[in-house]
Structure formats: structure tokens, C-alpha cells
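[1] I need the structure of the sequence given here:
(one chain, ligands or ions: 2)
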Amino acid sequence: MFLYLRPIGHIENTILSELIDPVNEAFGVLVKVDLPMDVPENAYDPGRGQYHSSKILEEMSETIPEDASHVLGITDVDLYVPQLNFVFGEASNKVAVISITRLRNEYYGLPKDYELFKNRIIKEAIHEIGHMFGFKHCPKKECVMHFSNSLEDTDTKSYRLCSKCQALF
Ligand SMILES: [Zn+2]
Ligand SMILES: [Zn+2]
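    Ligands and ions are numbered 1, 2, ... in the order given. Predicted coordinates:
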């Protein structure tokens, strides 16, 4: 069985490649890049100018490859759930999605920093995959399962599970 990384809309191949080893190391899973999927237009809320992540998860669930244990979608559209202004990602049991839109410095008018951008993507990917593996949010700020309410939280955490979370794995 494989954990699939699925581009939703256009995502650079280099971004997908950068995720393979860290995801493999974090969870010991075999990782494959999936075929791309279009961004589901029914998930778009014109009033908010954002996509409802739960609707993307529903659409993803309909096309899970036979040899997939889990599928992580990666998209460059801004995501929300109704209770929040935005989300970096959302997960259910077998499918999860992350948005890279708010992980770029440029989104905040700051200078481009590819290393930082890449590290943020890895952390958010591992976080949502962690949820698919049953991990809940962790109070430790340095743990990858700590909830990111802002980019500062993402930058503070590492890509690793803390020892307490690791012990649950
Ligand atoms: Zn979370
Ligand atoms: Zn933890």
C-alpha cells in the first residue's frame, strides 16, 4: 500500500518530490505521486473567494487508487471551513488536503524564501497525514501535531512528532 500525493490543480513537480522522503521518514510509508485532479469547482465560495476543504475531501474520496492507504491532496487555492477564516489543511480518515497558498512569504508581502516555503509545506503535509493516522492536536509547540493558527505556529514547530506522540505511533 502507498500513501499518494495528489496535485489538485497545478502544483510544481519539485514540490511533490520534496515531500517524498520526509513523509516516508515520518511514518515509514511508501510514497507515490498520484495523477493530478482538477480543483472541484463546487467547493468554491464566490463570496469568500476560497474553497471549502471538506468538499474537496469528498471529491477526493471518490477516486482513491486501489493500492492507496491514504491520499494527501496538495493545492494552491485558499481553503476554508465555515467556522474559520482559512485553514492550512483538513484531514479525514483516508484523505487529506493542504493548501500551499498561505505558506509563501509573498502572500504576506515578504521576500520570497524557497527553503522556508518548502519547510512549511513539509510540516503541514506531515501534520495532515498525522491526522489520517489518528493523531490529535498536541499541546507541545515544537511537535508537528501542534495546531497552526498562524504561520508563526508553523515556523515554530518541527517536522517531527514529539516523544509523547511518537510513543502512540
Ligand atoms: Zn490539525
Ligand atoms: Zn506531540
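[2] Centre-most residue in this structure?
    Central residue of the chain (Cα atoms, centre = their mean): Ile98, 3.0 Å from the mean position.
[3] check contacts around Gln50.
    With contact set as Cβ atoms under 8 Å, 6 or more residues apart in numbering, Gln50 has these partners: Tyr44, Val77, Asp78, Leu79, Tyr80, Phe86. (C-beta placed from N, C-alpha, C; glycine too.)
[4] who does it bridge with?
    Here Gln50 shows beta-bridge partners Asp45, assigned using DSSP bridges.
[5] what does this structure have sitting close to ligand 2?
    Counting by Cβ under 5 Å from the ion, the positions of the chain adjacent to ligand 2 are Cys138, Lys140, Cys143, Met145, Cys162, Cys165.
[6] coming back round to it: which of the helices or strands spans the residue nearest to the centre of the chain?
    strand 95-99 (DSSP states H and E).
[7] go on, Tyr4?
    Tyr4 belongs to strand 2-8 when assigned by DSSP H and E.
[8] Beyond that strand, next helix or strand please.
    Assigned by DSSP H and E, the successor of strand 2-8 is helix 13-27.
[9] Summarise which helices and strands the strand holding Tyr4 is packed against.
    Judged by 3 or more Cβ pairs under 8 Å, 6 or more residues apart in numbering; DSSP states H and E, strand 2-8 is in contact with helix 13-27, strand 30-33, helix 53-61, strand 68-75.
[10] what about it, distance to the chain center?
    Centroid displacement of strand 2-8 relative to its chain, using Cα atoms, centre = their mean, to the nearest Å, is 10 Å.
[11] For stretch 57-77, the averaged confidence score.
    Mean pLDDT, computed over stretch 57-77, is 98.
[12] Then stretch 121-128?
    98.
[13] One more: stretch 104-118?
    On average, stretch 104-118 scores 97.
[14] cool, and stretch 80-87?
    Stretch 80-87 comes out at a mean pLDDT of 96.
[15] Over to stretch 143-160?
    95.
[16] Just the terminal-to-terminal distance for it.
    6 Å (Cα to Cα, to the nearest Å).
[17] how many other residues sit next to Leu103?
    By the criterion of other Cβ atoms under 10 Å, Leu103 has 22 neighbours.
[18] picking up where we left off before, what inclination does the strand holding Ile98 have with respect to strand 68-75?
    20 degrees (axes from the mean of the first three to the mean of the last three Cα atoms, to 10 degrees).
[19] give me every residue that touches the spatially closest residue to Cys143 that is not a sequence neighbour.
    Distance criterion Cβ to Cβ, 6 or more residues apart in numbering; nearest residue to Cys143, sequence neighbours excluded, is Cys162 at 3.7 Å. For Cys162, the contact set (Cβ under 8 Å, 6+ apart) comprises Cys138, Lys140, Glu142, Cys143, Met145.
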